[in-house]
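Engineer: attaching a predicted model along with its sequence, questions to come.
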Amino acid sequence: MNLRTFFAVCAVALAALPNAARAQDALAGIDMTSDAFTKSEMTRAEIEAALLKLTPGETLDLTGKGLNGLDLSGMDLTRINFEAARLNKANLSGAKLAGVKFDMVWAMGADFSNADLTGANLAGAQLIGARLDGANLSKSRATANFMNASLLKARFDGAELFPGKKNERSIVKRGFQGAKLDGASFKGANMVACFMEFASLRDVSLVNAVLAGCDFAGADMTNADVSGADFMSADMNSAHIGKLVNLDAAKNFEHVKNLEQAYRD
C-alpha cells in the first residue's frame, strides 16, 4: 500500500465516524490487524545496507513504510525520515533518533526504552501502549498520543507538547492518559492543554513547566515537584495532590479548576 492510498483509507474510515466518536477514538474503523499495521516491507539488513549507501548529507526516506515488528534496537537512525511510517511493536530500544522526523508515525506497542529522541518531531504520532522507559525526548515536539504508554524516568525537558490553536481539533488526542510517568522529567516543558487523566506522575519533575489548561483528572501526582510550574485553569478533579513538592513556589495554583474534588490525603 503506497502512502497516498494508506492515508485515503484512514481518512475514509475516520470521516465515517460521528464527531464525538472521532474525539474519543481516532482508531475506530481502522483494521489494526491488517498487513499494513502488522507486517514489514523491509528487513533490518536492508535498512542497514541502505544507510551505508547514503552520501554525506543525504537522508533515507522511509515515509509511509510498513516497518512493523522490526528489530532496530541500538541502531543509529538519525539519517532516516520516518514520517507516517508504521512501526507497531517494533524494537527501537537504545536507538539513536535525535532530530528524527516521526510525524504521524504509528508505533503502538513499540519499544523505545533508553532511546535518544532529543529534538525529534513526533507530531500526531500514535504511541499507545508503547514503552519509552528512560527515553530522552528533551526539546522534542511530542504532540503525540502516549495513552497507556510506559515512560518511567523519561525526559521531556524543554519539550513542546502543545500543538497550537490551529491544530486543537486534531483527531489525535495528544497526551498521556493512563500513562506510567513515575520519575519522569518535564522541566520547562510547554504542556498547555495536555491530557494527563489517570496518569501516574509520582516523583515527576514539573519544574517551570507550563501546565495551563492541563487535565489532571484522576492523576496521581504524589511527590511531584511543581516549583515554578504554571497551573492556570488546570483541572484537578479527583487528582491526588496531597504530597506535591514545592507547591508554595508554583504559579497560579489558586486558579485551578475542581480543586475541591482533588484528593489531599
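Structural biologist: Looks like it came in fine. Numbering: from 1, shown residues only.
Engineer: only C-alpha atoms from now on, for both contacts and neighbour counts.
Structural biologist: Noted.
Engineer: what sits against residue 177?
Structural biologist: Applying C-alpha atoms under 8 Å, 6 or more residues apart in numbering to residue 177 gives the contacts 146, 147, 148, 195, 196, 197, 198, 199.
Engineer: by neighbour count, which of those residues wins?
Structural biologist: Of all the contacts of residue 177, the highest neighbour tally under other C-alpha atoms under 10 Å goes to residue 146, namely 28 neighbours.
Engineer: and which of the contacts of residue 177 is nearest to residue 67?
Structural biologist: In terms of C-alpha to C-alpha, no member of those lies closer to residue 67 than residue 146, at 19.5 Å.
Engineer: that older thread, can you add secondary structure and give the contacts of residue 177 back as CSV?
Structural biologist: Shown next, in CSV, are these (DSSP: H, G, I helix; E, B strand; the rest coil):
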residue, secondary structure
146, coil
147, coil
148, coil
195, strand
196, coil
197, coil
198, coil
199, coil
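Engineer: and which of those is nearest to residue 73?
Structural biologist: Nearest member of these to residue 73, counting by C-alpha to C-alpha, is residue 146, at 20.2 Å.
Engineer: and that closest one, what is it in contact with?
Structural biologist: 126, 127, 128, 129, 130, 174, 175, 176, 177, 179.
Engineer: at 6 Å instead, please
Structural biologist: Applying C-alpha atoms under 6 Å, 6 or more residues apart in numbering to residue 146 gives the contacts 127, 128, 175, 176.
Engineer: ok, back up a step: wait, which of the contacts of residue 177 is closest to residue 187?
Structural biologist: residue 196 (16.0 Å).
Engineer: any idea of the pLDDT on residue 164?
Structural biologist: Turning to residue 164, the model gives it a pLDDT of 72.
Engineer: measure it to residue 261 for me?
Structural biologist: From residue 164 over to residue 261 the distance is 29 Å, taken as C-alpha to C-alpha, to the nearest Å.
Engineer: what residues are up against the residue nearest to residue 70 when sequence neighbours are not counted?
Structural biologist: Closest residue in space to residue 70, ignoring its immediate chain neighbours: residue 90 at 4.8 Å, by C-alpha to C-alpha, 6 or more residues apart in numbering. Under the criterion of C-alpha under 6 Å, 6+ apart, the contact list for residue 90 reads 68, 69, 70, 71, 110.
Engineer: swap the cut-off to 10 Å and go again
Structural biologist: 38, 40, 67-73, 107-112, 130 (C-alpha atoms under 10 Å, 6 or more residues apart in numbering).
Engineer: out of the residues you listed, who has the most neighbours?
Structural biologist: That'd be residue 111 among the contacts of residue 90, by other C-alpha under 10 Å, with 30 neighbours.
Engineer: phi and psi next, for that one.
Structural biologist: Dihedral pair for residue 111: phi -110, psi 110, per degrees, to the nearest 10.
Engineer: what about the residue nearest to residue 184 when sequence neighbours are not counted, how many residues nearby?
Structural biologist: Once flanking residues are discounted, residue 184 sits nearest to residue 153: 3.9 Å by C-alpha to C-alpha, 6+ apart. Counted with other C-alpha under 10 Å, the neighbours of residue 153 add up to 21.
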